[in-house]
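Q: Next one to model:
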Amino acid sequence: MGVMVYGDASSGNCYKVQLLLEFLGQEYDWIPIDILKGETGSPEFLMMSPIGKIPVLRLENGEFLAESNAILNYLAIGSDWLPDDRVERARVLQWQFFEQYSHEPYIAVARFIQRYLGLPENRRQEYEQKQAGGHKALTIMEEHLARREFLVGDRPSIADISLYAYTHVADEGGFDLTKYRQIRAWIQRIESLPGFVPMQKDGG
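A: Take a look at the predicted model:
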């Protein structure tokens, strides 16, 4: 049995894992999980991931691995998606920490409120408060990408996958990417890579 991914196809964190697996040409089974129906809180799911979050990767030996960026690092070992150089590998981690602490809490949360919840009035203030932090993260990326084609080194890495996942759908959280010319060019470079598959948006 190969690897299995438990996730929501329209979740950026889950899409990261799917996209890397596709780039690697690795076979996998996708098990859909509906977070709005509370499936991540079921006893069966919590046995796989006590934190109750998607995605979850089931390894070939039956063990489970959670947290999207940890999964990316596991899958990328030995491939061109994770640099061998120690400094560059640390920079990959640096961008992945940036994604989780300075990018995802604003852009992904705003997208969840707008796309998944339909921007209810009781979440509108929170949604609006996410805008400044999201644009700060996008500005940091824009300035960095003005000097290079990819986030680390001279080729794409899992750092790019981590940031691409929610950045390319930032408009679904109210973030207009029109003024971010470097980011839009970077998005096009990612989408032109062999093996690229778009995010499925027919759920949630």
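
Q: Check Lys37 and give its pLDDT.
A: On the pLDDT scale, Lys37 is placed at 89.

Q: Name the residues that touch the helix or strand where Glu44 lies?
A: Counting by DSSP states H and E, the element that carries Glu44 is helix 43-48. By CB atoms under 8 Å, 6 or more residues apart in numbering, the list of residues contacting helix 43-48 from outside reads Tyr6, Ile33, Glu39, Gly52, Val56, Arg58, Phe64, Ala66. C-beta coordinates here come from the backbone N, C-alpha and C atoms, glycine included.

Q: Now do that helix, average pLDDT.
A: Mean predicted confidence for helix 43-48 is 92.

Q: and if you look at stretch 106-124?
A: Stretch 106-124 comes out at a mean pLDDT of 96.

Q: Could you break this protein into its assigned domains?
A: If you go by automatic domain parsing, the domain ranges for the chain are 3-76, 86-191.

Q: Burial check on the residue lying closest to Met199 once chain neighbours are set aside, number of neighbours?
A: Computed as CB to CB, 6 or more residues apart in numbering, the closest residue to Met199 that is not its neighbour in sequence is Tyr15, at 4.8 Å. If you count neighbours by other CB atoms under 10 Å, Tyr15 ends up with 26.

Q: ok, Tyr15 to Arg124 distance?
A: As judged by CB to CB, to the nearest Å, Tyr15 and Arg124 stand 26 Å apart.

Q: Equivalent analysis for Ile161, please.
A: 31 Å.

Q: again, but for Tyr164
A: Here Tyr164 is placed at a distance of 28 Å from Arg124 (CB to CB).

Q: Need the phi and psi values for Gly174.
A: phi 90, psi 10 (degrees, to the nearest 10).

Q: quick revisit: after the helix holding Glu44, which helix or strand is next?
A: strand 56-58.

Q: for the helix or strand following that following strand, which positions count as buried?
A: Downstream of strand 56-58, the next assigned helix or strand under DSSP H and E is strand 64-66. Buried positions in strand 64-66, judged by neighbour count with 16 or more other CB atoms under 10 Å: Leu65, Ala66.

Q: about what we covered before: which one, of the domains of the chain, ends up nearest to Gln200?
A: Distance to Gln200, taken as CB to CB, is lowest for domain 3-76 among those, at 3.9 Å.

Q: Just give me the neighbour total for the closest residue to Gln131 other than its chain neighbours.
A: Distance criterion CB to CB, 6+ apart; nearest residue to Gln131, sequence neighbours excluded, is Gly174 at 6.3 Å. Around Gly174 there are 17 other residues, counting by other CB under 10 Å.

Q: can you offset everything so residue one is 154?
A: Taking 154 as the first residue, the last one we looked at is Gly327.

Q: Verify the stated contact: Gly327 with Phe265.
A: No: if you go by CB atoms under 8 Å, Gly327 and Phe265 don't touch, sitting 11.8 Å apart.

Q: Thank you, goodbye.
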